[in-house]
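Trainee: take a look and give me a structure for this.
(chains A, B, C and D, ligands or ions: 4)
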There are 2 protein chains.
Amino acid sequence: MKKNEEIQLINADQKFEEFLKLKELKYTSERKLILKAIFSFDKHFNVEELFEKLREQGNHISRATIYRAIPLLLQSGLITEALHCQDKTSYENVFNREHHDHLVCTNCGKIIEFYNEKIEKLQEEVCRQHNFVPIEHRLGIKGYCEDCYKKLKK
Amino acid sequence: MKKNEEIQLINADQKFEEFLKLKELKYTSERKLILKAIFSFDKHFNVEELFEKLREQGNHISRATIYRAIPLLLQSGLITEALHCQDKTSYENVFNREHHDHLVCTNCGKIIEFYNEKIEKLQEEVCRQHNFVPIEHRLGIKGYCEDCYKKLKK
DNA sequence: ATGATATTGAGACTTAATTGCAATGAAAAA
DNA sequence: TTTTTCATTGCAATTAAGTCTCAATATCAT
Ligand SMILES: [Mn+2]
Ligand SMILES: [Mn+2]
Ligand SMILES: [Zn+2]
Ligand SMILES: [Zn+2]
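Mentor: Residues are numbered from 1 along each chain as shown, chains lettered A, B, ... in the order given. Ligands and ions are numbered 1, 2, ... in the order given. Now for the predicted structure:
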């Protein structure tokens, strides 16, 4: 694990601990290990991958425990649910990462991240107009990336 | 069924038939009835609701047949997959309906549709900036509807 | 250390969705 | 019209993600 990743993990660990304390829940060794495993992924993961990763790291933590930890990690804001790929729900480590939305190339699968302040503000406005209290949102634009579009035009 | 709904159904029927012919598939009575049932929903539906609706209309069509019809209806552009609410996948009749995005209440499941021209334009701008050619997009905002927020505040 | 209670693992369970198969039906060919 | 072909259907078995039960265990405030 790289140095800065390690620091990130320590910070995330703290955040999770605080969250759990607030909820009067316990920060067990299993939950610690799950968080650590999440940080060893680049970004995206699903429950099965997490289970496997934990086993690789020598920790046998049951699927039930992982499934029970997910809602807590979501609530604490450490991870978010990512786009449903096929059947399995996948998640994204978003600790200390800025919010962003996605352009997804339907041809090559390339993902371009973007952030547009104006779009974000307008979403808030829409919510106000409908007396709706937003928790989170997801904007995904499917299409062709530059390279693929050039190729397909031929 | 109202007059204009009926006309819509006839047009959708034609579109589906053309699609199936192109794919060298058969437009069976079951598929006709499924399409008709979809038009008797306001907009959104899931497979279970569709199954029930068909039964109400006196037609016993197996779940397997419905599940097998869904990909065809998606490919033909008559329906789109909506946001996963809870566990079941839900769909939306989009034939001859204007594009719109969604506010989804995570508490009661209520769906509010909205359309914001500025957001749409800004998305186009984002795509241009990245030399990305958009095909379709989906914007979903999860949160609490007015009623649920009031209830939960107590 | 003690005690209240949150948590865990294992496997049973639930349920959305898929699939195999024999019977049926649509539609093109004769 | 009749024949022929093969897509389609219903049913039930199957798969697999996710949830739940419960006895044993771990955490943490006191
Ligand atoms: Mn955004
Ligand atoms: Mn839109
Ligand atoms: Zn591409
Ligand atoms: Zn609500």
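Trainee: how much space between the nearest residue to A:Asp101 once chain neighbours are set aside and DNA strand D?
Mentor: For A:Asp101, ignoring the flanking residues on the chain, the nearest one in space by Cβ to Cβ, 6 or more residues apart in numbering or on different chains is A:Leu139 at 4.0 Å. Every C-beta, even on glycine, is put in place using the N, C-alpha and C of the backbone. For A:Leu139, the distance to DNA strand D (Cβ to the nearest atom of the strand, to the nearest Å) stands at 22 Å.
Trainee: for A:Leu139, list each beta-bridge partner.
Mentor: B:Leu139 (DSSP bridges).
Trainee: and it, how far from B:Tyr91?
Mentor: From A:Leu139 over to B:Tyr91 the distance is 20 Å, taken as Cβ to Cβ, to the nearest Å.
Trainee: thinking again about what came up before, from what I see, the residue nearest to A:Asp101 and A:His102 are in contact.
Mentor: Yes. The pair A:Leu139 / A:His102 is scored as a contact, 7.4 Å apart, by Cβ atoms under 8 Å.
Trainee: of the two, who's got more company?
Mentor: Higher neighbour count among A:Leu139 and A:His102: A:Leu139, with 22 against 16, using other Cβ atoms under 10 Å in any protein chain shown.
Trainee: and the pLDDT for that one?
Mentor: Predicted confidence (pLDDT) for A:Leu139: 92.
Trainee: repeat for A:His100
Mentor: 91.
Trainee: give me the domain ranges for chain A.
Mentor: Domain ranges of chain A: A:3-93, A:101-153, per automatic domain parsing.
Trainee: do the last one and ligand 3 meet at all?
Mentor: Yes. For domain A:101-153, a contact with ligand 3 is found by Cβ under 5 Å from the ion, at A:Cys105, A:Asn107, A:Cys108, A:Lys110, A:Cys145, A:Cys148.
Trainee: I'd like the average pLDDT over the helix or strand hosting A:Ile66.
Mentor: Here A:Ile66, judged by DSSP states H and E, is contained in helix A:63-75. Taken as a whole, helix A:63-75 carries a mean pLDDT of 97.
Trainee: do the same with stretch A:14-25
Mentor: pLDDT averaged over stretch A:14-25 gives 95.
Trainee: may I have the beta-bridge partners of the most centrally placed residue in chain A?
Mentor: Centroid-nearest residue in chain A, with Cα atoms, centre = their mean: A:Glu92, separated by 1.7 Å. Judged by DSSP bridges, the bridge partners of A:Glu92 are A:His44, A:Thr80.
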